[in-house]
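> I would like to see how this sequence folds:
(chains A and B)
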Amino acid sequence: MISQVFILSSKGDHLIYKDSLSVFLLQSHKDLHFVHVRQGGLYWVATTTADSSPFTVVEFLNRLTALVKDYCGTLSEKSVQMNFALIYELLDEVVDYGYVQTTSSDVLKNFIQTEAVSSRPFSLFDLSNVGLFGAETQQNKVAPSSASARPIQSSREQGGKSEIFVDVIERMSVVIGSNGVLMKADVQGEIRVKCYMPSCSEMRIGLNEEFSIGKSQLRGYGAAVRVDECSFHQAVRLDEFDSHRILRLCPSQGEQTVMQYQLSDNLPSAPPFRLFPTIERDNGGRLLMYMKLRCDLPPKTLSQELSSPDQSAELKPQSRAVVWEIPRFPGGTQLSALFKLDVPGLSSASMLEVGPVGLSFELPKITATGLQVRFLRLSPVQPGPSQRWVRYVTHSDSYTIRV
Amino acid sequence: MIKARLTLFRLSAATMPYLGSEDTVRELRRALCNPNVQSDQLRYRNAILKVIRAMSQGVDVSGLFSEMVKACATVDIVQKKLVYVFLCSYATLNPELSLLVINTLRKDCQDPNPMVRSLALRNMTNLRLPSLVEYVEQPLTAGLKDRAASVRRVAVLGWAKLHNLQTNSEIDAAVVNELYSLLRDPDPVVMVNCLRALEEILKEEGGVAINKPITHHLLNRLKECDIWGQCEVLRTLQRYRPQSEDELFDILSLLDASLVSPHPPVMAATLSLFLSLCPGVPAVSQAALERVRGPLLATCGSVSREMRFTALCHIQLLLRSLPGLMGAHYKRFFCGYAEPAYIKQRKMQVLVELVNDDNVAMLLDELRGYCTDVNTDTAQAAISALVSSCVILCGLGAGHIGRSYSDRCLEILIGLLGLKQEHITSAVVQTMRDLVWVCPQCSDTVCLAVEGCEETLQDGQGRQALLWLLGVYGERVSSAPYTLEVFIDGVRCEASLGVKMELLTASMRLFLCRPAEMQDMLGRLLHYCIEEETDICVRDQALLYYRLLHCGIEETRKVLQGRRSDPSLGVLIGRPAEPISQWACSFNTLEPLRQGAMETESASRGSPEHVTFDPKRNNDPSDTLNCGHDEEALHSGSDSAIVRTDSTADVLGSSLTVPLSLSVSPALSPEEFELLWLQPQVLHTEQGPEKMKADKDCVCVEEHVRCPEILHCSPQSLQAAMQLVNIQTLAFTPPHALPLRVYLYTHTQRARVAVTPHSTLILGELLYTGEGNQKVGQVDGGVVVVEGREDEQMKEGEQATADGLSGRDTGRTDREQDGVKVTLKQHPRDENALKGFLSILTTVLHTLSSESD
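Numbers count the residues shown, from 1 in each chain, chains lettered A, B, ... in the order given. Now for the predicted structure:
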């Protein structure tokens, strides 16, 4: 039971406020609880009573942010401000009298009348996708990462692209001990479908045939693609999953997570990055940190960059951290850096305080588990031009290397 | 998760008018009334958009109500929706004008387009005007039978809203029957809405009837609902009691799939239902908990940080009953580098619970890494987590492994001291103090470690801990007297009251074991505290010690050298598993999330509103300055009014197990106090040292405390003294009037390690009837002219003189006959907390009344 919904900017300004039950507010002000999630730099707040389920309220707020993102294209203070009428309309349909009615975009699309106003500021980055003199470059074959950041409804009116994106997203959390031993490696993965097709009756996603769940199961002859646990969206039909590893579903407009899986510890491949740090004090009382970072991914013939990439390093006194930014890091190469720090009152004990090294990265076109989408079929075959994209990406949830 | 800042913000939006809001409204009105705008649909819609925008920014646009009512009559659905948003917000302010809308709305209810019908019906019920009820009922009744499911959904909830508007009115049986029959509606949302509406309408009868046919109907249709509907159904079913065991197991097997649902809300709701369906079958509940382990762990790794946090809090609940549930998965609780502090701290709390022989090496290594976290709170939490695991290891410690790892733990802590970081050193010293209390075997290592860390310690809490260690283990720390000397030399500039008190006690203790080194500086300290110190508590403590020294060294030793450790506390930490029923009712509510917040609040030491009385340390006044209700104590013939006796220590003993902290917030108004105080009393005022009569959740205690001089304290000083220990005095009789009455209250909180803190409210009345003989002494310049026995000398407190009364007379009463009657009421009942509170109160009263020299 949700009493009110607010969307607040990062500074706490009111962007959206919907009171579904003001009578209650006055009666039991003290028992009112504020539950909020933070997404897109905004606070999404719901007020509720103590006995309501936190899982439900948090999930509702998350779902609401996803809906707003679907309808407005992006999540930001600006897009929410520009589309407030749309969001009020959305909220009106989603919550009635504090009860969640529906959050399915299939149902909602029949009710939502207001059109989204896209806020796409001019950006130089957009130009980077334009090939030199119109030439077809390597990059043009890959869907730009911003391609799916647009309102779902625009497709209907613009009549243009009917696209479908299947994203395999994995998040790694890794701890490597100071002796280089892998202490923990977890992968949380999901397959997300983002659909811009006005109508799509059925979609079949074929995964690796060797995909196996649990420790005992082994399939196929090649290297098994194994996960510990796996769960599917309600709408996924699994009748062909056991035999052929095919997921069948009717995607609704907007974004939805079709499958989630986890893998703990036994990764099929070595962790992508290794670090060889040397930390010492020099005579002048300075801290010397010599870092050698290796990327153990298979080298790719196409994206060889011989010159040293334009890196930068910065000392952040507030968080007491040195931030080393590496824009591109091809597989199979090694980078090194020497940081000299003047630390007042440096003692031998202070060396204990150095570390850990946290890496945050995004590995495109790679999955840590080795999960692949074999094929993506739509039936019936879409009339007119339609585009299907399959994208793989591995994020670092937390990649910690102790020194 | 509960943000105070949000409430703050809402106030500011409501009270602070935006600059130029009147201009804005005038501008908007002009736009709305412009016929050119009205004729152009897009421009009209834009003008209305502007109104809504202004509204959501906090501008008061209620003046535009009549213009907006006109805008309502349109065929443009977008415009209609916008106008309704406005009308629903301001209808209660303009009930008369709202009548004009109802016609449009009723017409819309006949519209062929179901979207228009549902929209009209929804907003008709959202206007929340009792005067409109008569116009709404007919469309609602029609709505229940509408062809379109979307209209039926709205109509069903509409009845609940209507009932909410006029809660006193008779419930229409026909409507209720109709709603029950709609449970069989083909649309699942209509079905769930019926449940919700019936639950509200029949609230007084205990909600919707959950009988066997309904239950099985709902269970069979569970799969059709979306996750919100499923949660609602599962929640409602918690009231159902299966009639036979077979039925129970049928239901459970039907629910098995939702138990491992990938959607956390469904999983949590199902587990909740499992726990409430079979409270008598622990094996089933336990199997269910093991089954949800996978989904819960997956939720812990969810993308949404808030969801992770929620899952972590609930895992903590589960661990209370099944400590071994997550043992093999401890790595899942390693903190991520970029995780927010609130998640890190929760994870550490969980990690500590998971320590066992297999993972201890990895865990300690991991925790060590967190100790140098940039966030000081996280670092401190990590250090206390390290110590808790050390205590657990000491507990396991019979084996060789436990021992060697507790040494490793200490090694890490000592290594941290080497960092010379202020907050780390402070946290380490504080946790070391706690450690030696529980694990005395660690004291040797600790004694070596504390040497030399006084330079890095800046905060009061840390220095207090160091002083305590120096006082208790001073004979083993060679540099202890020199460290104390630095403190004593700097006592003049010392701001913290706690440090001064601790310094006094530590110096006294050290004096007992190393008199030669300490004598001179102790003298200086006592002199300063008695002659120059302005704080009454410090002065009293110094006076007490001074008099104690007069009684001889043996007496002093008896008072000051209490227990140094309490290994039995270690057992408390490795507590036995609780039955599941203990927490089952709070599962899947906001309760587990709040508990942690309170835990961290009480764990953040040194917050000004929480004075922690940690009775496990002998240094606090409740322990050393004890003069209970013992007759012996008063007859013992000593010239000090304060004598420690064993019996009072026993009374305290039961409260010693947990630290007790008092807090005056949330504040209680005099009216609320009166209401609570006058609730039916179950107390019998019989004679006797202590009477207790317990009601269900409230307890009343009456006690006599001997402190005759209380009369001579001015109410101000009494109030000030009480406030020091976080007891709020609400009302008192005029000074020197008889009988003297004081009303006070406080909130107690006992923070047990990793167990939910227990909070109670204590109300109290002090009554001093002064039935003893009153003799009047002459006061001259604050010194009492002595009459009678030596031991009845007293010096009138400065405040008492200052409070403007004649200031020249003071009463002296016969000690044997009088006392202050203390009546205490506590909600809910918690005897240990009450005893702890009583001892604190007694101490305060004695400190106040022992102003003699």
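> what element comes up after the helix-or-strand element of chain A with minimal mean pLDDT heading to the C-terminus?
Lowest on mean pLDDT, DSSP states H and E among the helices and strands of chain A sits helix A:22-27, with a mean of 34. Going down the chain from helix A:22-27, the next helix or strand is strand A:33-39, by DSSP states H and E.
> For the very next helix or strand once past that following strand, buried residues please.
Per DSSP H and E, strand A:33-39 leads on to strand A:42-48 as the next helix or strand towards the C-terminus. Within strand A:42-48, the residues that count as buried by 16 or more other C-beta atoms under 10 Å in any protein chain shown are A:42-48. Any C-beta I mention is one placed from the backbone N, CA and C, and that applies to glycine too.
> before we move on, what about stretch B:439-457?
For stretch B:439-457, using 16+ other C-beta under 10 Å, the buried residues are B:439-440, B:442-443, B:445-447, B:449-450, B:453-454, B:456-457.
> Just confirm yes or no for stretch A:277-284 near chain B.
No: Stretch A:277-284 stays clear of chain B (C-beta under 8 Å from any C-beta of the partner chain), getting no nearer than 13.8 Å.
> Which helix runs longest in chain B?
If you go by DSSP state H, chain B has its longest helix at helix B:376-396.
> just how off-centre is it within its chain?
Helix B:376-396 has its C-alpha centroid displaced from the chain centroid by 22 Å (C-alpha atoms, centre = their mean, to the nearest Å).
> Same check on stretch A:236-249?
Taking mean C-alpha positions (C-alpha atoms, centre = their mean), stretch A:236-249 and its chain are 25 Å apart.
> Any chance you could list what contacts that stretch?
Stretch A:236-249 is contacted from outside by A:191, A:193, A:202-209, A:211, A:232-233, A:235, A:258-259, A:374, using C-beta atoms under 8 Å, 6 or more residues apart in numbering or on different chains.
> And that stretch, end to end?
5 Å (C-alpha to C-alpha, to the nearest Å).
> got it, and stretch B:233-252?
15 Å.
> now the closest residue to A:M1 other than its chain neighbours: how far from A:T56?
Leaving out its chain neighbours, the residue that sits closest to A:M1 by C-beta to C-beta, 6 or more residues apart in numbering or on different chains is A:G98, at 4.7 Å. In this structure, A:G98 and A:T56 are 12 Å apart, going by C-beta to C-beta, to the nearest Å.
> what do you get for B:V387?
37 Å.
> Which residue of the chain lies farthest from its centroid?
Looking at chain A here, since you left the chain open. A:N283 (45.6 Å; C-alpha atoms, centre = their mean).
> nope, chain B please
Within chain B, the residue lying farthest from the chain centre (C-alpha atoms, centre = their mean) is B:N36, at 59.9 Å.
> On the three-state scheme, it is what?
Three-state call for B:N36 (DSSP: H, G, I helix; E, B strand; the rest coil): helix.
> one step back: higher neighbour count, A:G98 and A:T56?
Of the pair A:G98 and A:T56, A:T56 is the one with more neighbours under other C-beta atoms under 10 Å in any protein chain shown, namely 28 against 23.
> I figured that one was touching B:P265, is that so?
Yes: at 4.2 Å, A:T56 and B:P265 qualify as touching, with contact defined as C-beta atoms under 8 Å.
> Overlap of the contact sets of the two?
B:228, B:231.
> need the strands for chain B, in chain order.
Here chain B has its strands, by DSSP state E, at B:611-613, B:660-663, B:690-694, B:699-705, B:728-732, B:740-750, B:758-768, B:774-780, B:783-784, B:809-813, B:820-827.
> Report the contact partners of the most centrally placed residue in chain A.
Nearest residue to the geometric centre of chain A (C-alpha atoms, centre = their mean): A:I169, 6.8 Å. Neighbouring residues of A:I169 by C-beta under 8 Å, 6+ apart: A:189-192, A:393-395.
> Which residue is the nearest non-sequential neighbour of the residue farthest from the centre of chain B?
Excluding the flanking residues, the one nearest B:N36 by C-beta to C-beta, 6+ apart is B:R43, at 7.6 Å.
> pLDDT at that neighbour, what is it?
B:R43 is assigned a pLDDT of 88 by the prediction.
> burial measure for it, as a count.
14.
> what's the answer for the one 3 residues further on, then?
Taking other C-beta under 10 Å as the neighbour definition, B:N46 ends up with a count of 13.
> contacting residues around it?
B:N46 neighbours (C-beta under 8 Å, 6+ apart): none.
> Ok, B:D226 next?
A:102-104, B:188-189.
> if we go to 10 Å?
By C-beta atoms under 10 Å, 6 or more residues apart in numbering or on different chains, the contact list for B:D226 reads A:100-104, A:107, A:234, B:188-189, B:192, B:263, B:266.
> Quick check: B:Q166 touching B:W159?
No: the pair B:Q166 / B:W159 is not scored as a contact, 11.6 Å apart, by C-beta atoms under 10 Å.
> Out of these two, name the residue with the larger neighbour count.
Shown here are B:Q166 and B:W159; by other C-beta under 10 Å, B:W159 has more neighbours (28 against 10).
> right, and the more buried one touches B:V175 too?
Yes: counting by C-beta under 10 Å, B:W159 does reach B:V175; the two are 5.8 Å apart.
> Residues that sit against both of those two, list them.
Residues within reach of B:W159 and of B:V175 at once, by C-beta under 10 Å, 6+ apart, are B:137, B:140-141, B:144, B:197-198, B:201.
> In those, find the pair that's most separated.
The two members of those with the most space between them (C-beta to C-beta) are B:E137 and B:L198, at 17.5 Å.
> between those two, which one's more packed in?
Higher neighbour count among B:E137 and B:L198: B:L198, with 24 against 15, using other C-beta under 10 Å.
> Please tell me how far the more buried one sits from B:V176.
Counting by C-beta to C-beta - B:L198 and B:V176 are separated by 7 Å.
> Distance check, A:T114 against A:G254.
A:T114 sits 16 Å away from A:G254, going by C-beta to C-beta.
> State the mean pLDDT of stretch B:327-336.
Taken as a whole, stretch B:327-336 carries a mean pLDDT of 87.
> what's the span of it, first residue to last?
Taking C-alpha to C-alpha, stretch B:327-336 runs 19 Å from one end to the other.
> roughly how far is it from the heart of the chain?
Worked out by C-alpha atoms, centre = their mean, stretch B:327-336 lies 28 Å from the chain centre.
> buried ones in it?
Buried-residue list, stretch B:327-336, by 16+ other C-beta under 10 Å: B:329-336.
> next one: stretch A:326-341
Those would be A:326, A:329, A:331, A:333, for stretch A:326-341 by 16+ other C-beta under 10 Å.
> Which of the three states applies to the third one?
In the three-state summary, A:G331 is assigned as coil, counting by three-state DSSP.
> Tell me how far the residue nearest to it when sequence neighbours are not counted lies from A:P327.
Once flanking residues are discounted, A:G331 sits nearest to A:L297: 3.3 Å by C-beta to C-beta, 6+ apart. Distance of A:L297 to A:P327, computed by C-beta to C-beta: 16 Å.
> B:L127 now?
57 Å.
> got it, and B:V233?
B:V233 is 52 Å from A:P327, by C-beta to C-beta.
> With A:A321 instead?
Look at A:A321 and A:P327: by C-beta to C-beta, they are 19 Å apart.
> ok, back up a step: quick check: the residue nearest to A:M1 touching B:L157?
Yes: the criterion here is C-beta under 10 Å, and A:G98 meets it with B:L157 at 9.3 Å.
> so who does A:V168 touch?
Taking C-beta under 10 Å, 6+ apart, one finds A:189-192, A:205, A:207, A:259, A:366-367, A:369, A:371-373, A:390-394 in contact with A:V168.
> Appreciated, that's everything.
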